[in-house]
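A.B. asks: return atomic coordinates for the entry below.
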Amino acid sequence: MKIKYLLLLAVFGFCISSCHDLDLEPKGILGESELFGSESGVKMYFTGLYCNLPIEDFLYMSNGDRGYRNNGGENPDAWDTWNAMKYNIQNMAGEFVNSWLQVNNDGHSYWPYDRIREVNTFINIFPQYREYFNEGVYNSLLGEAHFLRAFFYSGMAKRFGGVPIITVAQNPMDDISTLEVSRDTEYDVWKFIHDDLQFAIDNLTSDKNITRANKYTAAALMSRTMLYAGRIAKYSQYLGFENEQAYMQGLAGMSPDRAREFFQYAYDAGKIVESGGYTLYTAGYPDKETNFARLFLDPNSPENIFIKQYNLNAPQRTFLLPHSWDAGMAPFPDMSGFVGSQSYPALDFMQMYDFPDIVDADGYPKRYDDRGDIREGMEPRLRGSVYFNGDELRGKIFQIQRGLYQTFTWKADAIFDGLNTEVPNTEGNRIVSNASNRAETFNGIRILSDHGMRNAEGGENNCLTGAYVRKYVNPDMPQTMAREHQSVQPWIVFRLGEIYMNTAEAAYELGLKEEAFSYTDQIRERAGSKVVRPDDASGVDLSQKYGYPIDGNLEFIRDERYRELWGEAHRWWDLRTWRIADRVLDRWIPRILACYYVIDEDKYIYLDEREMSSRNWNANRNCYYQGIPQGQINRNPNLLPQNPLR
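C.D. replies: Sure, this is the predicted structure:
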């Protein structure tokens with residue numbers, strides 16, 4: 001009766017928070033036999049689990065304990081989720097720039113054993129109902145449960161390393177000694193995730209369904225998680241954790257001897273996904289810029305493997321499903337109907353693509369007749385990811401200006417910080433403004449343009465970097481509708497572009513250089529890159545830069561991953577699992593693309609400056625493993641020892 005009572009409560013909660021269209025009409029509270037004795041009942045049971053998967057989407061917030069909503073008993077005011085535009089994981093990794101300062105090295109307490117209990121309950125009980133299903137349906141539903149359990153465990157493994165592996169729904173009334181389980185090693189947890197996913201691959205249907213798991217969805221999760229595990233195994237040895245108890249016991253870190261095993265799993269999983277008939281998105285050809293932008297908005301994209309859907313009709317304050325991306329990534333009032341833009345791309349990121357030189361051969365800033373002329377020569381994939389001066393959104397043209405120069409006769413390197421003490425900026429030669437209405441003038445000339453950049457750190461509607469986010473923005477949404485909680489474009493959890501990059505990296509780590517570059521070739525061809533394959537850099541030693549042996553070829557593959565997946569919530573986990581976050585984000589100050597109008601020439605120039613408030617992003621060595629939540633340790637001291645540097 002205890003298990004059945006828990007099921008009744010769980011299903012009631014799931015029914016009011018459903019986020020997947022399963023064509024079901026819940027009719028009251030259902031019991032075990034109604035749920036597990038029919039395919040529709042099982043689907044209903046799974047719906048709530050899907051809604052709570054650890055997917056770092058539009059609503060994910062990286063600050064404090066507000067990451068995955070409705071997990072671990074956390075349920076803050078759902079209506080503040082528009083703040084996710086500036087508190088998201090992209091800001092933490094330095095991909096986006098906003099007023100939120102630097103890296104949250106502590107992460108948040110993600111401990112979803114309540115969800116794992118629900119999956120285990122199903123896996124433990126479902127065999128009793130086998131006679132109600134044909135073999136194919138039964139196997140597929142059981143495979144789906146293993147996929148869900150692996151997904152939940154992956155959210156913990158990438159944060160904590162080794163955690164308790166629990167496969168049986170525990171009875172809370174049992175003796176305390178049986179409930180106080182110990183952590184398993186990090187290797188065992190990643191291997192457990194592999195085994196669950198292998199079971200899912202072997203049993204799930206191959207039928208395409210982008211909102212529920214199939215064979216290829218499980219393979220996509222395998223591709224990502226096993227790549228993480230391979231990196232952790234290979235590169236954790238360089239962190240200096242040798243004297244940490246958790247490291248010595250294998251709870252946080254793995255032997256580098258295990259790396260090849262996991263890279264092979266990732267490589268093999270990628271091949272399975274490739275067999276599923278997915279293709280890179282090309283519906284917008286021959287315009288590769290528009291094509292890349294449309295990739296994130298086309299519901300029929302053949303590249304999508306698994307997506308998370310949203311719904312404007314979600315019950316208020318239960319599980320908020322619409323998001324606010326369109327309102328939070330565009331300037332108010334021209335292109336947004338809310339408070340305005342929240343986050344912006346750093347120049348450092350823009351310059352990783354084919355990006356035009358903003359200085360001439362002699363080191364002087366290039367002159368432009370129009371602000372939008374800078375777009376000439378940019379890689380189409382960059383244009384499809386970022387809005388620049390001259391681009392159009394919702395019937396308005398982006399106009400982004402930092403200020404004025406009365407004259408500019410210096411080389412560009414006379415400006416580095418963009419501070420008032422630098423020679424070109426003294427004696428009133430440079431004019432900037434903090435006017436929030438952007439209407440201030442100097443001798444009748446507007447200092448700012450319609451969309452930035454005022455000389456302030458303000459967190460809303462102030463372009464801090466000289467460009468705006470385009471990826472995932474819906475240009476067809478009217479400005480008046482671009483408000484909080486009104487966007488429903490899906491979040492792409494897995495797409496073929498990521499799988500190609502996963503497989504490329506795994507292949508290179510396995511010594512398959514030519515095959516690795518065959519994947520980046522396809523990605524760069526679709527991107528419109530000027531050079532598809534770089535010169536061989538296998539002899540380039542970058543150990544001083546990264547703190548361990550790595551050559552230029554592998555760096556290129558990693559950089560290409562960043563270019564392709566920018567803004568899709570991968571970068572933070574890449575930096576962490578490569579074990580380079582504390583190097584890449586070591587007192588890192590983002591650069592900005594500062595446009596000025598030069599009055600005496602009637603021309604525009606662009607300068608590479610540091611972010612206006614000179615804020616530092618700092619990832620510490622303790623970021624590689626979050627601490628086991630203290631509340632859990634208080635309940636179960638067998639979770640000790642604590643993770644390194646915690």
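A.B. asks: tell me where this protein is predicted with low confidence.
C.D. replies: Scanning the chain for pLDDT under 70 picks out the ranges 1-30, 64-79, 101, 314-320, 457, 459.
A.B. asks: again, only using 80
C.D. replies: The model of the chain has pLDDT under 80 over residues 1-30, 63-80, 100-102, 107-108, 172, 177, 314-321, 436-437, 456-459.
A.B. asks: for the closest residue to residue 591 other than its chain neighbours, give me phi and psi.
C.D. replies: Spatial nearest neighbour of residue 591, excluding adjacent residues (Cβ to Cβ, 6 or more residues apart in numbering): residue 347 at 4.0 Å. C-beta here means a position set from N, CA and C on the backbone, and glycine is covered the same way. Dihedral angles of residue 347 (phi, psi; degrees, to the nearest 10) stand at phi -60, psi -30.
A.B. asks: if I look at residue 347, how far off is residue 214?
C.D. replies: To residue 214, residue 347 is 41 Å away according to Cβ to Cβ, to the nearest Å.
A.B. asks: and if you look at residue 353?
C.D. replies: 34 Å.
A.B. asks: how deep is the closest residue to residue 540 other than its chain neighbours tucked in, by neighbour count?
C.D. replies: Nearest non-adjacent residue to residue 540, counting by Cβ to Cβ, 6+ apart: residue 552, 3.3 Å away. Counted with other Cβ atoms under 10 Å, the neighbours of residue 552 add up to 16.
A.B. asks: residue 552 contacts residue 545, correct?
C.D. replies: No: between residue 552 and residue 545 there is no contact under Cβ atoms under 8 Å: 10.4 Å.
A.B. asks: who are the contact partners of residue 393?
C.D. replies: Residues in contact with residue 393 (Cβ atoms under 8 Å, 6 or more residues apart in numbering) are 330, 335, 387, 473, 475.
A.B. asks: one more: residue 180?
C.D. replies: By Cβ under 8 Å, 6+ apart, the contact set of residue 180 is 636, 637, 638.
A.B. asks: hmm, which of these are the buried ones?
C.D. replies: Buried by 16 or more other Cβ atoms under 10 Å: residue 636, out of those.
A.B. asks: distance to residue 434 and secondary structure added to the contacts of residue 180, as TSV?
C.D. replies: Putting the contacts of residue 180 into TSV (distance: Cβ to Cβ, whole Å; DSSP: H, G, I helix; E, B strand; the rest coil) gives the following:
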residue	distance to residue 434	secondary structure
636	53	coil
637	54	helix
638	56	helix
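A.B. asks: neighbours around residue 478, how many?
C.D. replies: Residue 478 has 10 neighbours, counted by other Cβ under 10 Å.
A.B. asks: before we move on, what about the one 5 residues further on?
C.D. replies: The burial metric for residue 483, expressed as a neighbour count using other Cβ under 10 Å, is 18.
A.B. asks: not counting sequence-adjacent ones, nearest residue to residue 274?
C.D. replies: Distances taken as Cβ to Cβ, 6+ apart place residue 499 nearest to residue 274, at 7.5 Å, with adjacent residues excluded.
A.B. asks: rewinding a little: closest to residue 567 among the contacts of residue 393?
C.D. replies: residue 473 (10.6 Å; Cβ to Cβ).
A.B. asks: pull the contacting residues for the closest residue to the closest one other than its chain neighbours.
C.D. replies: Once flanking residues are discounted, residue 473 sits nearest to residue 329: 5.4 Å by Cβ to Cβ, 6+ apart. By Cβ under 8 Å, 6+ apart, the residues touching residue 329 are 85, 336, 341, 342, 343, 468, 469, 472, 473.
A.B. asks: so what's residue 293 up against?
C.D. replies: 284, 384, 385, 470, 471, 475.
A.B. asks: now with 6 Å?
C.D. replies: Counting by Cβ atoms under 6 Å, 6 or more residues apart in numbering, residue 293 makes contact with 384, 470.
A.B. asks: could you do the one 10 residues further on as well?
C.D. replies: With contacts defined as Cβ under 6 Å, 6+ apart, the neighbours of residue 303 are 280, 281, 495, 496.
A.B. asks: burial of the third one, as a residue count?
C.D. replies: What it means is residue 495. Here the number of neighbours of residue 495 (other Cβ under 10 Å) works out to 25.
A.B. asks: quick check: phi and psi at it.
C.D. replies: Main-chain torsions, residue 495, degrees, to the nearest 10: phi -140, psi 160.
A.B. asks: excluding its backbone neighbours, what's nearest it?
C.D. replies: Distances taken as Cβ to Cβ, 6+ apart put residue 303 closest to residue 495, at 4.8 Å, once the chain neighbours are dropped.
A.B. asks: distance of the one you found from residue 209?
C.D. replies: For residue 303, the distance to residue 209 equals 15 Å [Cβ to Cβ].
A.B. asks: for residue 237, same thing?
C.D. replies: For residue 237, the distance to residue 209 - Cβ to Cβ - is 41 Å.
A.B. asks: same question, residue 284
C.D. replies: Between residue 284 and residue 209 the distance is 25 Å, computed by Cβ to Cβ.
A.B. asks: again with residue 247
C.D. replies: Separation of residue 247 from residue 209 (Cβ to Cβ): 41 Å.
A.B. asks: who has more neighbours, those two?
C.D. replies: Remark: of residue 247 and residue 209, residue 247 carries more neighbours, 23 against 13, as counted by other Cβ under 10 Å.
A.B. asks: contacting residues around the residue lying farthest from the centre of the chain?
C.D. replies: In the chain, the residue that sits farthest from the middle, by Cα atoms, centre = their mean, is residue 443; the gap is 45.3 Å. The contact partners of residue 443, by Cβ under 6 Å, 6+ apart, come to none.
A.B. asks: can you pull out the helices in the stretch 251-400 of the chain?
C.D. replies: With DSSP state H, counting those that start in this stretch as the criterion, the stretch 251-400 of the chain has helices at 259-274, 288-295, 325-328, 347-350, 380-383.
A.B. asks: and residue 353 and residue 214? which has more neighbours close in?
C.D. replies: A count of neighbours by other Cβ under 10 Å puts residue 214 above the other of residue 353 and residue 214, at 24 against 21.
A.B. asks: so the more buried one versus residue 481, what's the distance?
C.D. replies: Taking Cβ to Cβ, one finds residue 214 at 34 Å from residue 481.
A.B. asks: and if you look at residue 215?
C.D. replies: Distance of residue 215 to residue 481, computed by Cβ to Cβ: 38 Å.
A.B. asks: looking at the two, which one has more neighbours?
C.D. replies: residue 215 (23 against 14).
A.B. asks: quick one: buried residues of stretch 186-193?
C.D. replies: For stretch 186-193, the neighbour count (16+ other Cβ under 10 Å) marks 186, 187, 188, 189, 190, 191, 192, 193 as buried.
A.B. asks: please convert the residues you listed to JSON lines, extending it with secondary structure and distance to residue 530.
C.D. replies: Formatted as JSON lines, the buried residues of stretch 186-193 follow (DSSP: H, G, I helix; E, B strand; the rest coil; distance: Cβ to Cβ, whole Å):
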{"residue": "186", "secondary structure": "helix", "distance to residue 530": "42"}
{"residue": "187", "secondary structure": "helix", "distance to residue 530": "43"}
{"residue": "188", "secondary structure": "helix", "distance to residue 530": "46"}
{"residue": "189", "secondary structure": "helix", "distance to residue 530": "43"}
{"residue": "190", "secondary structure": "helix", "distance to residue 530": "39"}
{"residue": "191", "secondary structure": "helix", "distance to residue 530": "42"}
{"residue": "192", "secondary structure": "helix", "distance to residue 530": "44"}
{"residue": "193", "secondary structure": "helix", "distance to residue 530": "39"}
